[in-house]
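A.B. asks: take a look and give me a structure for this.
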Amino acid sequence: METTKKEINRVTENMGLKNQNLKSEVVGLDIGTTKVVAIVGRKNQFGKIEILGYGNAPNKGVKKGVVINLSETVKAINEAVQKAEYNAKIKITKVVVGIAGQHIRSIQTSEYIMRENPEDIITEEEIEQLTNQVKRINVNPGEKIIHALPQEFKVDDEGNISNTPIGMAGTRLEANFHVVVGKVASIQNLVRCVDMAGLEVEAVTLEPLASSEAVVYDQEKEGGVALIDIGGGTTDVAIFKDDIIRHTAIIPHGGNIITNDLANGIHVLRRNAENIKIKFGSTWPAENSDMEVVAIQGLPGRPPVEISLKNISKIIKARVEQIIRIADSEIKRYTELSNNNVLLGGVVLTGGGAELKHLPQLVDLITGLYTRVGFPDQNLASGTEPELKSPIYATAVGLLMKGLANKKNYEEYEYDDVEEDEEKNEVENTEKRDNDIEEVEKQPKKTIMDSIMGLIKKME
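C.D. replies: Prediction:
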């Protein structure tokens with residue numbers, strides 16, 4: 001039976017939590033293949049992200065970025081949100097959700113509008129009109145447009161305008177767009193899970209776009225950079241150049257398939273293989289000798305299994321190399337289009353898979369591009385817990401940043417609220433005075449004789 005909002009009863013329901021301030025507080029909700037992460041945050045007085053609380057929970061309801069079991073996913077969302085609520089002392093109501101999965105694809109298109117008054121300057125409303133026109137283009141049956149991201153603009157004969165041409169004038173406004181498309185059913189299932197958890201979706205954002213906000217520097221986006229986000233079920237690729245998104249791709253392989261290879265290759269349970277990958281995982285077999293072994297607990301009644309660290313690295317490297325070569329082919333699809341498509345910023349790795357030892361060196365060798373690991377700490381306020389600065393939390397932090405992009409910092413909102421309260425009190429006092437005057441005017445006017453008779457009665 002489907003769970004309804006009214007049936008949701010998290011442990012935090014009766015804890016006296018204050019309501020989420022929708023003016024300044026945002027919740028990033030990363031519904032991944034292996035886990036769900038919820039992070040509550042706001043901007044401080046310096047514009048940095050202040051984390052108020054976070055929570056995570058294992059997820060068994062998603063496969064390769066797609067929801068396959070609603071009840072398991074709802075359970076994981078509830079657990080992660082409950083932990084975040086408890087830590088932040090805030091009752092969460094709205095969330096910014098990330099979307100990925102093998103159903104995602106991207107297309108390039110261009111659209112234009114003819115302006116009625118060429119001498120008038122171009123406005124934000126016209127840019128929005130052009131974007132909305134792109135959102136109505138035909139896509140495959142069962143698909144829906146998630147993002148329509150403008151690239152270069154063109155006004156009449158003036159082309160390759162990187163910035164929004166607001167303030168310019170002309171007859172024809174045109175733009176190239178990077179359009180991200182996904183399966184309607186997959187999107188609906190994701191939103192339905194959030195709804196069943198008693199939450200409201202504030203926005204849906206493509207996960208590699210969110211991750212890029214958290215770990216890629218503006219200078220790298222300007223010079224050209226490829227983000228490779230290795231998650232549990234998928235590996236997401238996003239390419240930027242001149243501060244513009246140029247290409248996105250979702251590879252249906254991630255950390256889980258590496259764990260499966262390891263479990264099958266060394267004949268251990270999957271959970272043991274995951275622990276081995278986290279603790280000893282490396283993509284450089286040569287760093288270990290054949291004599292270096294690790295003992296793993298065997299099945300009940302059986303002795304521990306001794307495994308060579310070199311063999312572990314060989315298995316991991318084989319699968320990782322395959323994933324990176326697919327990512328490299330996506331990078332080359334862009335760079336080989338033009339001699340100008342040089343990625344000066346190289347490659348930025350993030351996600352849980354980025355924690356594998358010696359992975360940057362392997363990616364550098366395969367792609368020929370400088371590679372670094374991206375940590376989501378550049379926009380976080382001082383005092384943030386070290387755990388949140390791990391690549392594992394890049395997507396959740398990026399979703400938080402996306403949601404906070406158009407919000408003021410909380411001190412400004414607190415000041416605005418004080419002013420609103422003062423204005424409200426002034427209005428209420430004015431209305432009260434007006435009502436009192438009206439009441440007095442409604443009363444019959446007293447004559448001098450009436451006043452004298454009243455005094456005499458009081459004296460009696």
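
A.B. asks: okay, strands next: where are they in the stretch 301-450 of the chain?
C.D. replies: Secondary structure of the stretch 301-450 of the chain by DSSP state E, counting those that start in this stretch: the strands cover 305-308, 347-350, 371-373.

A.B. asks: just the C-alphas of the second one, formatted as PDB.
C.D. replies: Coordinates of the C-alpha atoms in strand 347-350 are reproduced here as PDB (Å, rounded to 0.1, in the frame of the first residue of the first chain):
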ATOM      1  CA  VAL A 347      40.100  16.900 -15.300                       C
ATOM      2  CA  VAL A 348      38.500  17.100 -11.800                       C
ATOM      3  CA  LEU A 349      37.500  13.900 -10.100                       C
ATOM      4  CA  THR A 350      34.900  13.700  -7.400                       C
END
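
A.B. asks: just how off-centre is stretch 286-296 within its chain?
C.D. replies: 39 Å (Cα atoms, centre = their mean, to the nearest Å).

A.B. asks: now the end-to-end length of it.
C.D. replies: One end of stretch 286-296 sits 22 Å from the other (Cα to Cα, to the nearest Å).

A.B. asks: where along the stretch 101-250 of the chain do the strands fall?
C.D. replies: Here the stretch 101-250 of the chain has its strands, by DSSP E, counting those that start in this stretch, at 105-114, 143-155, 158-161, 172-183, 200-206, 225-230, 235-241, 244-251.

A.B. asks: state the mean pLDDT of the first one.
C.D. replies: Spelled out, it's strand 105-114. For strand 105-114, mean pLDDT rounds to 93.

A.B. asks: and that strand, what's buried?
C.D. replies: Neighbour-count burial for strand 105-114, with 16 or more other Cβ atoms under 10 Å as criterion, is recorded at 105-106, 111. To be clear about C-beta, it is placed using only N, CA and C from the backbone, and glycine gets the same treatment.

A.B. asks: and the chain, what are its domains?
C.D. replies: Domain ranges of the chain: 105-182, 217-373, per automatic domain parsing.

A.B. asks: now render these as JSON lines, adding distance to residue 76.
C.D. replies: Converted to JSON lines, the domains of the chain look like this (distance: least, Cβ to Cβ, whole Å):
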{"stretch": "domain 105-182", "distance to residue 76": "21"}
{"stretch": "domain 217-373", "distance to residue 76": "12"}
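
A.B. asks: deepest-packed of these, please.
C.D. replies: Comparing the domains of the chain by mean neighbour count (mean count of other Cβ atoms under 10 Å), domain 217-373 comes out on top with a mean of 19.

A.B. asks: figure out how far that domain is from the centre of its chain.
C.D. replies: 22 Å.

A.B. asks: what do you get for stretch 185-203?
C.D. replies: Worked out by Cα atoms, centre = their mean, stretch 185-203 lies 14 Å from the chain centre.

A.B. asks: do the same with stretch 156-175
C.D. replies: For stretch 156-175, the distance to the chain centre is 30 Å (Cα atoms, centre = their mean).

A.B. asks: send over that stretch as PDB, restricted to the C-alpha atoms.
C.D. replies: Taking Å, rounded to 0.1, in the frame of the first residue of the first chain, the C-alpha atoms of stretch 156-175 are listed here in PDB:
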ATOM      1  CA  ASP A 156      21.200  40.100 -35.500                       C
ATOM      2  CA  ASP A 157      24.700  39.800 -37.000                       C
ATOM      3  CA  GLU A 158      26.500  40.100 -33.700                       C
ATOM      4  CA  GLY A 159      27.300  36.500 -32.700                       C
ATOM      5  CA  ASN A 160      29.300  34.400 -30.100                       C
ATOM      6  CA  ILE A 161      28.000  36.500 -27.200                       C
ATOM      7  CA  SER A 162      29.000  34.600 -24.100                       C
ATOM      8  CA  ASN A 163      27.200  36.800 -21.500                       C
ATOM      9  CA  THR A 164      23.400  37.400 -21.500                       C
ATOM     10  CA  PRO A 165      22.800  40.200 -24.000                       C
ATOM     11  CA  ILE A 166      20.500  42.200 -21.700                       C
ATOM     12  CA  GLY A 167      20.800  45.900 -22.600                       C
ATOM     13  CA  MET A 168      21.600  45.300 -26.200                       C
ATOM     14  CA  ALA A 169      19.100  46.100 -29.000                       C
ATOM     15  CA  GLY A 170      18.200  44.300 -32.200                       C
ATOM     16  CA  THR A 171      15.600  42.600 -34.300                       C
ATOM     17  CA  ARG A 172      16.500  38.900 -33.900                       C
ATOM     18  CA  LEU A 173      17.500  37.300 -30.600                       C
ATOM     19  CA  GLU A 174      19.100  33.800 -31.000                       C
ATOM     20  CA  ALA A 175      20.900  31.400 -28.800                       C
END
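
A.B. asks: many thanks, I have nothing further to ask.
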